[in-house]
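*Asks:* Next one to model:
(one chain, ligands or ions: 1)
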Amino acid sequence: MAEAEWAIILGASSGFGAATARALARAGMHIVGVHLDTRATLPNAEKVRADIESQGRRALFFNANAADPGKRREILDRVQEVISGDPDGGYVRVLLHSLAFGTLRPYITADPKEALTKSQLEMTLDVMANSLVYWVQDLFWRGLFRRGSKVFAMTSGGSARVIPYYGAVSAAKACLESHIRQLAFELAPAGVAVLGIRAGVTDTPALRKIPGHEQLIEQALRRNPSGRLTEPEDVANAIVALCHPGTYWITGCVINVDGGEDIVG
Ligand SMILES: NC(=O)c1ccc[n+]([C@@H]2O[C@H](COP(=O)([O-])OP(=O)(O)OC[C@H]3O[C@@H](n4cnc5c(N)ncnc54)[C@H](O)[C@@H]3O)[C@@H](O)[C@H]2O)c1
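*Replies:* Numbers count the residues shown, from 1 in each chain. Sure thing, here's the model as predicted:
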């Protein structure tokens, strides 16, 4: 029997992460889902888990901060335990980094108390950018990747463009794209590809937290040459296609999945 294929989805309970978890389960992968939910939103994670299991796949879900090194160790210990208990073995075919956990404060304000702080900026960079590096390092050192494994990370047009209140997240996206290049370079000899996915404006809980998101939606609807917003499933379908073995030579780049929104922006 072939080794079982696992996908680790960071941000599995909502938006792109949830849609991709479902799509990769349909494509035959078992799913490790990491998410951070309160009692109010926990049912979303339960629903994703149930949908995966209804496909006949395994779902290991953890309600934990993906940027906490101790939690990362516990989660990967459990993943290794499950994989080593499978007589066919297994490996991590896909890692998706799709965490939305940034501060949305301006840098410059009349009242200093209203402005972005050092700890908020560092937290945003840690969760939304640097945590990608630590997950990839640990998966590599634990021998969980194989030739053909893929790492995806969600970026946005904000990596190179100003959006009000989005300064810390913009910085995190620019940093994330740098990590994507460096990881792709260092993992190429191991046959592991690393790709950024730059999604168009998508109506998710994370987008709705951005002050002025109504204008972002309205501008995207006006600009997008395909005439609609991006849907989480557009990204999930692209990631499934980019998992096809024939795509192994694509690495170190950022792919727009936005119906053409970025080229007219
Ligand atoms: N929505 C958009 O328009 C858009 C566009 C381009 C890129 N993105 C990026 O896509 C990614 C996902 O965004 P989304 O719109 O799907 O958001 P979302 O709010 O729908 O989902 C975010 C997910 O991340 C999880 N999460 C947040 N912080 C976490 C943490 N510390 N540890 C573990 N899990 C955590 C949440 O539980 C949830 O499952 C983000 O990086 C976002 O910047 C979003």
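
*Asks:* Count the neighbours of the closest residue to the ligand within the stretch 1-150 of the chain for me.
*Replies:* Scanning the stretch 1-150 of the chain for the residue nearest the ligand gives Gly15, at 2.0 Å (criterion: Cβ to the nearest ligand atom). In short, each C-beta sits where N, CA and C put it, glycine included. Here the count is done by other Cβ atoms under 10 Å, and Gly15 has 22 residues near it.

*Asks:* What residues does it make contact with?
*Replies:* By Cβ atoms under 8 Å, 6 or more residues apart in numbering, the residues touching Gly15 are Ser98, Ala100, Thr202, Thr204, Pro205, Ala206, Pro232.

*Asks:* And Ala59, by the same measure?
*Replies:* Going by Cβ under 8 Å, 6+ apart, Ala59 touches Ala25, His30, Ile31, Gly33, Val48, Arg49, Ile52, Glu53.

*Asks:* My understanding was that Trp6 contacts Met29; is that so?
*Replies:* Yes. Trp6 sits in contact with Met29 when judged by Cβ atoms under 8 Å, with a separation of 6.2 Å.

*Asks:* Got phi/psi on Gly158?
*Replies:* Backbone torsions for Gly158, taken as degrees, to the nearest 10, come to phi -70, psi -10.

*Asks:* Need the nearest residue in space to it, chain neighbours excluded.
*Replies:* Setting aside the residues directly before and after it, Gly158 is nearest to Ser170 in space (Cβ to Cβ, 6 or more residues apart in numbering), at 4.5 Å.

*Asks:* And whatever helix or strand that neighbour lives in, what does it pack against?
*Replies:* According to DSSP states H and E, Ser170 maps onto helix 167-187. Taking 3 or more Cβ pairs under 8 Å, 6 or more residues apart in numbering; DSSP states H and E as the contact definition, the neighbouring helices and strands of helix 167-187 are helix 118-125, helix 131-141, strand 150-155, strand 193-199.

*Asks:* For the contacts of Ala59, give me JSON lines that also has secondary structure.
*Replies:* JSON lines is the format used below for the contacts of Ala59 (DSSP: H, G, I helix; E, B strand; the rest coil):
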{"residue": "Ala25", "secondary structure": "helix"}
{"residue": "His30", "secondary structure": "strand"}
{"residue": "Ile31", "secondary structure": "strand"}
{"residue": "Gly33", "secondary structure": "strand"}
{"residue": "Val48", "secondary structure": "helix"}
{"residue": "Arg49", "secondary structure": "helix"}
{"residue": "Ile52", "secondary structure": "helix"}
{"residue": "Glu53", "secondary structure": "helix"}
